[in-house]
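Asks: below is the sequence, then the predicted model.
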Amino acid sequence: MKNKPILVTGGAGYIGSHVVKLLGERGETVVVLDDLSTGNADAVLYGELVVGKTGDMELVSKLIADKGIDTVLHFAAHTIVPESVSNPLKYYANNTCSTRNLLQACQDNGVSNFIFSSTAATYGVPDESIAACHEELPTAPINAYGTSKLMSEAMLRDLSAATDLKHVVLRYFNVAGSDPDGRIGQSTPEATLLIKVAAEVALGKREQLYVYGTDYPTEDGTGVRDYIHVTDLAGAHLAALDYLRNGGDSTLLNCGYGHGFSVRQVIDAVERVHGSAIKVIEQPRRAGDPPALIAAVDKIHRTLDWKPSFDDLDTIVRTSLEWEKTLQARRHNSNEA
Ligand SMILES: NC(=O)c1ccc[n+]([C@@H]2O[C@H](COP(=O)([O-])OP(=O)(O)OC[C@H]3O[C@@H](n4cnc5c(N)ncnc54)[C@H](O)[C@@H]3O)[C@@H](O)[C@H]2O)c1
Ligand SMILES: O=c1ccn([C@@H]2O[C@H](COP(=O)(O)OP(=O)(O)O[C@H]3O[C@H](CO)[C@H](O)[C@H](O)[C@H]3O)[C@@H](O)[C@H]2O)c(=O)[nH]1
């Protein structure tokens, strides 16, 4: 029997578009709901794109009912941490209140499965003695972005306890890289994430890379993160979908590789893969950055049938650089036209 259609909110964005691609390649029927605030229509390689907002309960209810949707993958959100500090209500409105409306529409229309994009930012700044963040660690977000996501986790937990809805919360660590076929990638215009910024510096879109902090208690003094390739992360969503369809209980899982790289190691990889040095300027620490953030991954491996294929820093960096070249060529062509 054919599976019912899947609603993917935020499917025109960076991570959502990679998940839509894998779902489409597997023959799933996909409906993307995206307001295109940061996403791009041409990143939606499969399925139907509906332009609209997750907070629009009437639209979402009608969509779920008309299409016979029984599974929702919820990526739509604002994602820029510093902006969430300066404009917190924007984050609570879009990430928390809109998610509440989306969940109401799911409840009203008997949606069975829900997969939610959460973040390691829910852990805040873990104690330095903690080598890897387990899912049971107390949560302590230090910015409105992390809190807005944690509040959505709580709504989902409570709704699943009260109804037949089953969910998987995926707490992503640092997502990077792009589709190895080169068709989609991260297009955020004012990116702040390390590997994206480093790739832009390598290709001359920016002058230099600032290294935020060289006095951390890490091996080389710079911050350490668990970078996961976006295609592996996308694969974890398909595994979570299969888990729920096979009757799995609601659960919460870290998504990472379980080991990390420092800022200096990332810079070395960019220079190695690109073949030339990039200009680097050392800066003081950035407020709110933990020294190291590594995922404990035993639970995801125990729970899902998921095997990463791109657990290699040079591969992550290479696909990021290739995508940056594609964006550069597209900019060049549109300037010429
Ligand atoms: N990129 C990361 O490193 C990272 C890490 C942890 C968690 N996440 C989470 O993953 C999800 C996807 O992030 P991303 O990096 O792909 O960001 P993105 O900005 O590329 O994608 C978000 C998408 O959601 C859409 N959108 C935003 N608000 C909407 C709304 N109210 N209704 C409909 N569409 C809306 C945007 O247009 C965009 O296409 C987010 O929930 C984010 O919090 C991302
Ligand atoms: O230009 C830069 C950008 C980053 N960094 C450093 O690189 C590391 C990674 O920083 P990112 O900005 O790439 O990512 P964060 O770890 O700050 O945060 C990201 O990952 C988190 C989970 O770990 C959340 O999901 C959050 O949404 C997402 O922005 C940090 O040590 C940071 O100080 C620099 O030195 N220079």
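Replies: Looks like it arrived, so ask away. Ligands and ions are numbered 1, 2, ... in the order given.

Asks: give me the below-cutoff pLDDT ranges for this protein.
Replies: For the chain, the stretches with pLDDT under 70 are 337.

Asks: using the record's assignment, carve it into domains.
Replies: For the chain, automatic domain parsing gives the domain ranges 6-177+226-255, 194-225+258-292+310-336.

Asks: contact partners of the longest helix along the chain?
Replies: The longest helix of the chain (DSSP state H) is helix 313-336. With contacts defined as Cβ atoms under 8 Å, 6 or more residues apart in numbering, helix 313-336 is touched by 176-180, 182, 184-187, 195-196, 198-200, 202-203, 205, 227, 229, 261, 265-266, 269-270, 272-274, 310. (Glycine included, C-beta is placed from N, CA and C.)

Asks: narrow those residues to those in strands?
Replies: 176, 227, 229, 261 (DSSP state E).

Asks: from what I can see the second one touches Leu193, true?
Replies: The reference is to Tyr227. No - with contact defined as Cβ atoms under 8 Å, Tyr227 does not count as touching Leu193 (9.7 Å).

Asks: identify the contacts common to those two.
Replies: By the contact definition Cβ under 8 Å, 6+ apart, Tyr227 and Leu193 are jointly contacted by 174, 176.

Asks: so for the two, which residue has more residues nearby?
Replies: Applying other Cβ atoms under 10 Å to Tyr227 and Leu193 shows that Tyr227 carries more neighbours, namely 26 against 20.

Asks: any idea how far the more buried one is from ligand 1?
Replies: From Tyr227 over to ligand 1 the distance is 9 Å, taken as Cβ to the nearest ligand atom, to the nearest Å.

Asks: keeping just the C-alphas, turn the longest helix of the chain into CSV.
Replies: Extracted in CSV, the C-alpha atoms of helix 313-336 (Å, rounded to 0.1, in the frame of the first residue of the first chain):
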residue,chain,number,x,y,z
LEU,A,313,35.6,16.8,7.7
ASP,A,314,37.3,17.1,4.3
THR,A,315,34.1,15.8,2.6
ILE,A,316,32.0,18.2,4.6
VAL,A,317,34.3,21.1,3.6
ARG,A,318,34.6,20.0,0.0
THR,A,319,30.8,19.8,-0.5
SER,A,320,30.5,23.3,1.1
LEU,A,321,33.1,24.7,-1.2
GLU,A,322,31.5,23.2,-4.2
TRP,A,323,28.1,24.6,-3.3
GLU,A,324,29.7,28.0,-2.8
LYS,A,325,31.2,27.8,-6.3
THR,A,326,27.7,27.0,-7.7
LEU,A,327,26.2,30.1,-5.9
GLN,A,328,29.1,32.2,-7.2
ALA,A,329,28.4,31.0,-10.8
ARG,A,330,24.7,31.7,-10.4
ARG,A,331,25.3,35.2,-9.1
HIS,A,332,27.7,35.8,-12.0
ASN,A,333,25.2,34.6,-14.6
SER,A,334,22.3,36.6,-13.1
ASN,A,335,24.6,39.8,-13.2
GLU,A,336,25.4,39.1,-16.8
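
Asks: buried ones in it?
Replies: Neighbour counts over helix 313-336 (16 or more other Cβ atoms under 10 Å) mark 313, 315-324, 326-327 as buried.

Asks: same check on stretch 32-52?
Replies: Judged by neighbour count (16+ other Cβ under 10 Å), stretch 32-52 contains these buried residues: 32-35, 38-39, 43-47, 49-50, 52.

Asks: how about stretch 288-302?
Replies: By 16+ other Cβ under 10 Å, the buried positions in stretch 288-302 come out as 289-297, 299-300.

Asks: export these to a markdown table and tack on secondary structure?
Replies: Below are those laid out as a markdown table (DSSP: H, G, I helix; E, B strand; the rest coil):
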| residue | secondary structure |
| --- | --- |
| Asp289 | coil |
| Pro290 | coil |
| Pro291 | coil |
| Ala292 | strand |
| Leu293 | strand |
| Ile294 | coil |
| Ala295 | strand |
| Ala296 | coil |
| Val297 | coil |
| Lys299 | helix |
| Ile300 | helix |
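
Asks: strands along the stretch 101-250 of the chain, start to end?
Replies: Using DSSP state E, counting those that start in this stretch, the strands of the stretch 101-250 of the chain run over 113-119, 166-172, 174-176, 209-212, 224-225, 227-229.

Asks: looking at those strands, which is buried most?
Replies: With neighbours defined as mean count of other Cβ atoms under 10 Å, the strands of the stretch 101-250 of the chain peak in mean count at strand 227-229, which reaches a mean of 26.
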